[in-house]
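Enquirer: Predicted structure and sequence below. I'll ask about it afterward.
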Amino acid sequence: MLETFSRNLTEILGPLAWWAHQFFARVLAPEERHEWKWLVGALIVTDFLYRFWKRPNIAPWRIYFHPSALLDYKFLLSQRVVSIFIVGPMLVSALALGNWGSKILASWFGPGPSWHPTFTVLVVFAAARVVLFDTGHYISHYIQHKVPFFWEFHKVHHAAEVLTPVTAYRSHPIESVMDGIFQGPLQALGLALFYYLYGGEHSLTEFVGINAIIIPYFLLSSFQHSHLWISFGPKLEHILSSPAQHQIHHSTAPQHLDKNLSQYFSFIDWIGGTLYVPQGEETLDFGLYEGADQELNTVWSFYWLPCKRAFAGLLRPSAQLPETSGSRTA
């Protein structure tokens, strides 16, 4: 009897122990601590630039302690837990799909040549992977803006009335899953070809090292969610997305709705017909086109209210859809 009881107890507590291990491994892992350091660093640098440039025209503390920003901080903490237990297992792994794709290529064309990748090859493939990643982001983002059902989830992000680096994490779990559905397979296309030609043992370490080359640009991207107007100029902004362009994406002005959907490469917006290139600095108000959503005022409402509205909208005639970014074309 004691043996049976012990076995049953192990079966019950085993999954709980696994989840606990996953939680502490995730929260205390070096890469997670690195992400926190990056975020804190972005906040410090942003605050320094506010004071150095004397911009925006409001005191930085009014941004960081705005009710919208305070909600971002609370939501960030909850998101770390949700991403471990809910979002993480649902995301499509680009690395796993890439490995699987390379095996399909091998079955079609025979074993790959297993060449040794040169520095130039690594740079090209790393850049291609980022472009495919951003293409997946663009497709997902476009759907979230144009389809009312998915707009209800993405609306949480756009409801932010002030922008800080923490606002980048203000996304509903459904939005994260949507991004993964498109980003994973698209990145896998490039990785499958790389694995087939050069072998899988190179990608995990060498791709990370090569991606470090574009860290300065990713650092600039941290200012996308800020009140710092950083523009690359009209010509370059047809290729690379500047912080100013993403701030325009968050603008409530009618001419800015559904524009600049890419994260890094604005030429994807150019191709998709959603590019907006400012000709000079513009005065922007952030938030929802139709005004503040008074019901999205707690962390819990960020999770449950989009679900309630999205599924209620499926039962609502199209003529009764609210006039939002997800149900109209700017």
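Expert: All right, it came through fine.

Enquirer: going forward, measure contacts between C-alpha atoms and count neighbours the same way
Expert: Fine.

Enquirer: Hmm, Asn260 and Tyr276 touching each other?
Expert: Yes. Because the distance of 6.1 Å satisfies Cα atoms under 8 Å, Tyr276 is recorded as touching Asn260.

Enquirer: which one of the two has more residues nearby?
Expert: In this comparison of Tyr276 against Asn260, neighbours counted by other Cα atoms under 10 Å, the higher total goes to Asn260 at 31 against 23.

Enquirer: before we move on, what SS does that one have?
Expert: Following DSSP: H, G, I helix; E, B strand; the rest coil, Asn260 is assigned to coil.

Enquirer: buried ones in stretch 248-258?
Expert: By neighbour count, with 16 or more other Cα atoms under 10 Å as the criterion, the buried positions of stretch 248-258 are 248-253, 256-258.

Enquirer: Now tell me what touches that stretch from outside.
Expert: Applying Cα atoms under 8 Å, 6 or more residues apart in numbering, the set of residues contacting stretch 248-258 from outside is 142, 145, 158, 259-261, 274, 276, 284-289, 325, 329-330.

Enquirer: which of those count as buried?
Expert: Buried members of the contacts of stretch 248-258, scored by 16+ other Cα under 10 Å, are 142, 145, 158, 259-261, 274, 276, 286-289, 325.

Enquirer: Between those residues, which has the least confident prediction?
Expert: Among these, Ser325 carries the weakest pLDDT, at 56.

Enquirer: what's Pro306 in contact with, if anything?
Expert: So, once contact is read as Cα under 8 Å, 6+ apart, Pro306 ends up touching 152-153, 156.

Enquirer: what about 10 Å?
Expert: With contact set as Cα atoms under 10 Å, 6 or more residues apart in numbering, Pro306 has these partners: 149-156, 172, 174, 296, 312.

Enquirer: Export these as JSON lines, with columns for distance to Leu97, neighbour count and secondary structure.
Expert: JSON lines is the format used below for the contacts of Pro306 (distance: Cα to Cα, whole Å; neighbours: other Cα atoms under 10 Å; DSSP: H, G, I helix; E, B strand; the rest coil):
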{"residue": "Phe149", "distance to Leu97": "28", "neighbour count": "21", "secondary structure": "helix"}
{"residue": "Phe150", "distance to Leu97": "25", "neighbour count": "23", "secondary structure": "helix"}
{"residue": "Trp151", "distance to Leu97": "28", "neighbour count": "25", "secondary structure": "helix"}
{"residue": "Glu152", "distance to Leu97": "30", "neighbour count": "25", "secondary structure": "helix"}
{"residue": "Phe153", "distance to Leu97": "27", "neighbour count": "25", "secondary structure": "helix"}
{"residue": "His154", "distance to Leu97": "27", "neighbour count": "25", "secondary structure": "helix"}
{"residue": "Lys155", "distance to Leu97": "30", "neighbour count": "26", "secondary structure": "helix"}
{"residue": "Val156", "distance to Leu97": "30", "neighbour count": "22", "secondary structure": "helix"}
{"residue": "His172", "distance to Leu97": "25", "neighbour count": "23", "secondary structure": "coil"}
{"residue": "Ile174", "distance to Leu97": "21", "neighbour count": "17", "secondary structure": "helix"}
{"residue": "Leu296", "distance to Leu97": "37", "neighbour count": "20", "secondary structure": "coil"}
{"residue": "Ala312", "distance to Leu97": "35", "neighbour count": "11", "secondary structure": "helix"}
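
Enquirer: picking that back up, turn the buried residues of stretch 248-258 into a markdown table, including pLDDT.
Expert: Conversion of the buried residues of stretch 248-258 to a markdown table gives the following (pLDDT from 0 to 100):
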| residue | pLDDT |
| --- | --- |
| Ile248 | 97 |
| His249 | 97 |
| His250 | 97 |
| Ser251 | 97 |
| Thr252 | 96 |
| Ala253 | 95 |
| His256 | 96 |
| Leu257 | 95 |
| Asp258 | 96 |
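
Enquirer: Now, the residues you listed that are in strands?
Expert: Among the buried residues of stretch 248-258, none falls in strands (DSSP state E).

Enquirer: Out of those residues, which comes closest to Phe302?
Expert: Compare each of the buried residues of stretch 248-258 with Phe302 using Cα to Cα and the shortest gap goes to His250, at 17.8 Å.

Enquirer: model confidence over stretch 189-204, on average?
Expert: 77.

Enquirer: what's the answer for stretch 48-65, then?
Expert: Predicted confidence along stretch 48-65 averages 79 (mean pLDDT).
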